[in-house]
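K.L.:
Sharing a model that was predicted from the sequence below.
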Protein chains: 2
Amino acid sequence: MQRTLIKNTINTIDEKVRICGWVHTKRDHGKITFIDLRDRSGKLQLVAYQKMSELHNEDVVEVIGTVKKRNERSINPNLPLGTVELDVESYKVLASAGPLPFDISKEQLDLELPTLLDHRALTLRHPMIQAIFKVQAEIIDGFREFMKNNEFMEFQAPSIVPAFAEGGAEVFEVSYFQYKTYLTQSPQLYKQIAMSAFERVFSVNKIFRAEPSVTSRHLTEIVSLDAEMGFIESWEDVRDVSEECVKHIFERLSRTCAEELKMFNATIPVTVEKTPTISLTEAQEKIYQSTGRDVRGEKDLNPEDERDLCEIVFKETGSELVFVYGYPTMKKPFYVYPQPDNPEFNEGIDLLCRGVEWLSGGRRINDYQQLIDHVEKWNMDPSKIRMFLEAFSYGVPPEGGFAFGAERITKQILGLSNIREATMFPRDMERVDFRLSSIQESSNE
Amino acid sequence: MQRTLIKNTINTIDEKVRICGWVHTKRDHGKITFIDLRDRSGKLQLVAYQKMSELHNEDVVEVIGTVKKRNERSINPNLPLGTVELDVESYKVLASAGPLPFDISKEQLDLELPTLLDHRALTLRHPMIQAIFKVQAEIIDGFREFMKNNEFMEFQAPSIVPAFAEGGAEVFEVSYFQYKTYLTQSPQLYKQIAMSAFERVFSVNKIFRAEPSVTSRHLTEIVSLDAEMGFIESWEDVRDVSEECVKHIFERLSRTCAEELKMFNATIPVTVEKTPTISLTEAQEKIYQSTGRDVRGEKDLNPEDERDLCEIVFKETGSELVFVYGYPTMKKPFYVYPQPDNPEFNEGIDLLCRGVEWLSGGRRINDYQQLIDHVEKWNMDPSKIRMFLEAFSYGVPPEGGFAFGAERITKQILGLSNIREATMFPRDMERVDFRLSSIQESSNE
């Protein structure tokens, strides 16, 4: 008999079906046992007379029975399948579960983060945890979908890189035969090279940051969503495409993840037809006028500024999104395009939402000589980026692009308190699957 | 004026348009200059009277002019846009190209591989090289499309891993704060963990192999396409899904990449309704009967066996695909399911095509105790895979999966001679963008 997915039992009332799944929870009432069986599509109540009482949570079973409408009194209006149940005829245990360190049948898991991650293999079975990764998969695929719709070509940016152009200690070293190589911190230079050949490219790739920091915002391994486009008229083209991209992702999430968002009481950010754009200088002035805090002239917005600015703009315009434009040129990477009429500031943009930066981008320098001048001004070793510089020596159109991290967007949309919750297998200073201290011990045994 | 893509000029005859692109090639005939302009969508002939003669190949220009039908004599039936040309009115140079190390306007590049890769930023502009990465993007997205259609959920497998379960020196070490970690060789154990929670999962992720080998088949960084599924009835379910997946990719390529395949004189492999499956033992017997080479009893097929078998099966059945089933249990990883009635052999499968293995998979052990027994038999340290083992202690259904490398499939379909051609930024023992010997020198300066 073909397996019926639990979500489809609603369409097979009074039919005999075979379903398979995990014992999510069990209630024993003497002669009758109630089981909530879970499969990838949902949960269904099983009613078993004088059987199944020996089962444990997370046992894997195959069950044959008849789908019945529940009587009025036992209908559960809060469950998608709360109007039906399965009269169990027979069943078979496919795999038994050993002892569980905690109960995962509760609606909320209520675990400390280290416990949640120490037992990732178990907590991934909880419907709310599953919802996080469903949402993340839709964000990533929504990004790709938008890019493909707009004729961007997907390419694979490399993870291992030969050298670090911009210095910084926050990089992981890889022993590469007799050589030293590194894990990439960003596909930036590669996506610009790919753009210089294909015009419009995107990538979904890992980036790595060896930041010795264990805050709720830091991961060492991140999924970066990157796009780059040639033949732009100005930085505003880049801004507009990034805005459409984010709105496309929002639209897709509200269509495909309504149930998952509800589980977190999460809402899609409110947008307006044209997301407001304000310069860094204007933003600092606004913050000063509104809060009295004087951050005018600072080189960037700090976290408090970002929160204040989002609040101010939301009050003024009703938009939860806001673009900030124009950062001090010398404080940002060498490839960012300086404003032609005010070269102290650049044509970089950030997209803020709900008090946090969601996306960064801007126009890049495409003129070879200007790039070479910047490399010198930034005190960089041109030999370390020679493939990149070579690309620009062959003629590259005006161009720009943007990037954002899949985990941060997932965290922000669902209102998670820690970015580790938005990563299936998070890596940080202290953990790579396990707490690293415990691993080193065990490997020394 | 809005930019018109070159491919769309065929629909704007006698209209004034603005097009942008690279000077692919230029022919000066005194008062008249012919230029082939290239953008991401194609190539168009420009006709310029007393202008544009100073341009060089790869200069980036914006051109305004009128699209004209070519007169009969100058129609080029071999070009998609061979029936039209652009009468140039005015143009603007957006970026000038410096000297090129070689001409990329020829139909075939004819470069030695090291040169092709040393100047990757330039060779990526050649239409045949671009075709390779278009095909690769379609293979990868075709895989994802099939998986999504079949309710597999995408997840992100990690790159940095804490320890190596199966030993082997072919692993890259990463300095991770004060700890040693490694680059993943396969998402195998992670996809099984993810499957144990989500039933059906897939991932597109980098894997890393420190094989000290510079053959035409070796890369250190590979894009692995991975799938895993629970609640299978037998290994044949895994085989059937992998077969449908590969056929889906073939179907998509013939729909979206007809032009690119033609450039390489490449054809999609011939398939039959049900791809033949033969056991390793039968395969060895067939090879013996057909060629006289006695490889019966060997633990695996060697490259010559693979070529012979594909030829034999093609002659017998007309299928360029063939599944080989059942390898010696102890010669394969600990997680592969042994055949219940013949436990010396396992339920692993390989898909061969045109003399090479394209895909590997099979049924896995899902019973916790059986896994523990295997870990012991294989002499492995269970503490190194405790997250994996923990997942199986909580009840996991019968399951299996498969994997294949995006670069190998790209190479095989297009008939490329070296796998490095099928990677935009290939990494091997001697090269990470540049030849590593040259990098180390420059960093010691």
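P.N.:
On my side now, so go ahead. Just so it is clear, the model here is predicted, and its values are computed rather than measured. Numbering: from 1, shown residues only, chains lettered A, B, ... in the order given.

K.L.:
per-residue confidence for residue A:107?
P.N.:
Here, the pLDDT recorded for residue A:107 equals 89.

K.L.:
and what of residue A:168?
P.N.:
65.

K.L.:
Same question for residue A:445.
P.N.:
36.

K.L.:
Residue A:77 too?
P.N.:
Looking at residue A:77, its pLDDT reads 87.

K.L.:
helix/strand/coil for it?
P.N.:
Following DSSP: H, G, I helix; E, B strand; the rest coil, residue A:77 is assigned to coil.

K.L.:
Same check on residue A:62?
P.N.:
Quick answer, by three-state DSSP: residue A:62 is strand.

K.L.:
quick one: it from chain B, how far?
P.N.:
Note on residue A:62: its distance to chain B, by C-beta to the nearest C-beta, to the nearest Å, is 8 Å. In this view, the C-beta of every residue, glycine as well, is placed from N, C-alpha and C.

K.L.:
What count of nearby residues applies to that residue?
P.N.:
18 (other C-beta atoms under 10 Å in any protein chain shown).

K.L.:
Quick check: it touching residue A:18?
P.N.:
Yes: Residue A:62 lies in contact with residue A:18 (C-beta atoms under 8 Å); the separation is 6.5 Å.

K.L.:
Low-confidence ranges, chain A, go.
P.N.:
Along chain A, the model assigns pLDDT under 70 to residues A:165-168, A:439-445.

K.L.:
Which residues outside the longest strand that chain A contains are in contact with it?
P.N.:
Scanning chain A for the longest strand, with DSSP state E as the assignment, gives strand A:16-29. Contacting residues not belonging to strand A:16-29 are listed as A:1-6, A:9, A:33-39, A:43-44, A:52-53, A:55-67, A:86, A:89, A:94, A:97, A:105, A:125, B:231, B:395, B:397 [C-beta atoms under 8 Å, 6 or more residues apart in numbering or on different chains].

K.L.:
ok, now with 6 Å
P.N.:
Under the criterion C-beta atoms under 6 Å, 6 or more residues apart in numbering or on different chains, residues A:1, A:3-4, A:34-39, A:43, A:53, A:55, A:57-60, A:62-64, A:66-67, A:105, B:231 lie in contact with strand A:16-29.

K.L.:
And chain A, what are its domain boundaries?
P.N.:
Domain assignment for chain A, taken from automatic domain parsing, gives A:6-95, A:120-443.

K.L.:
want to throw these into CSV with distance to residue B:359?
P.N.:
As requested, those are exported to CSV (distance: least, C-beta to C-beta, whole Å):
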stretch, distance to residue B:359
domain A:6-95, 24
domain A:120-443, 19
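
K.L.:
Which stretch among those is buried most, on average?
P.N.:
domain A:120-443 (a mean of 19; mean count of other C-beta atoms under 10 Å in any protein chain shown).

K.L.:
Centre of the chain to that domain, how far?
P.N.:
From the chain centre to the centre of domain A:120-443 is a distance of 11 Å (C-alpha atoms, centre = their mean, to the nearest Å).

K.L.:
Name the nearest residue to residue A:229, sequence neighbours excluded.
P.N.:
Leaving aside its sequence neighbours, residue A:229 sits nearest to residue A:200 (C-beta to C-beta, 6 or more residues apart in numbering or on different chains; 4.9 Å).

K.L.:
And the one you found, how far from residue A:147?
P.N.:
Remark: distance between residue A:200 and residue A:147 (C-beta to C-beta, to the nearest Å) = 8 Å.

K.L.:
now the angle from the helix or strand following the longest strand of chain A to strand A:16-29?
P.N.:
Downstream of strand A:16-29, the next assigned helix or strand under DSSP states H and E is strand A:32-39. Using axes from the mean of the first three to the mean of the last three C-alpha atoms, to 10 degrees, the inter-axis angle of strand A:32-39 relative to strand A:16-29 is 130 degrees.

K.L.:
hey, C-alpha coordinates of strand A:32-39 in PDB?
P.N.:
What follows is strand A:32-39 as a C-alpha-only set of coordinates in PDB (Å, rounded to 0.1, in the frame of the first residue of the first chain):
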ATOM      1  CA  ILE A  32      -7.200   3.300  24.500                       C
ATOM      2  CA  THR A  33      -4.000   4.900  23.500                       C
ATOM      3  CA  PHE A  34      -3.900   8.300  21.800                       C
ATOM      4  CA  ILE A  35      -0.800   9.100  19.800                       C
ATOM      5  CA  ASP A  36       0.200  12.200  17.800                       C
ATOM      6  CA  LEU A  37       2.100  10.900  14.900                       C
ATOM      7  CA  ARG A  38       4.500  13.300  13.100                       C
ATOM      8  CA  ASP A  39       5.800  13.200   9.600                       C
END
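
K.L.:
Now do it: which elements does it pack against?
P.N.:
Using 3 or more C-beta pairs under 6 Å, 6 or more residues apart in numbering or on different chains; DSSP states H and E as the contact definition, the elements that strand A:32-39 packs against are strand A:16-29, strand A:42-49.
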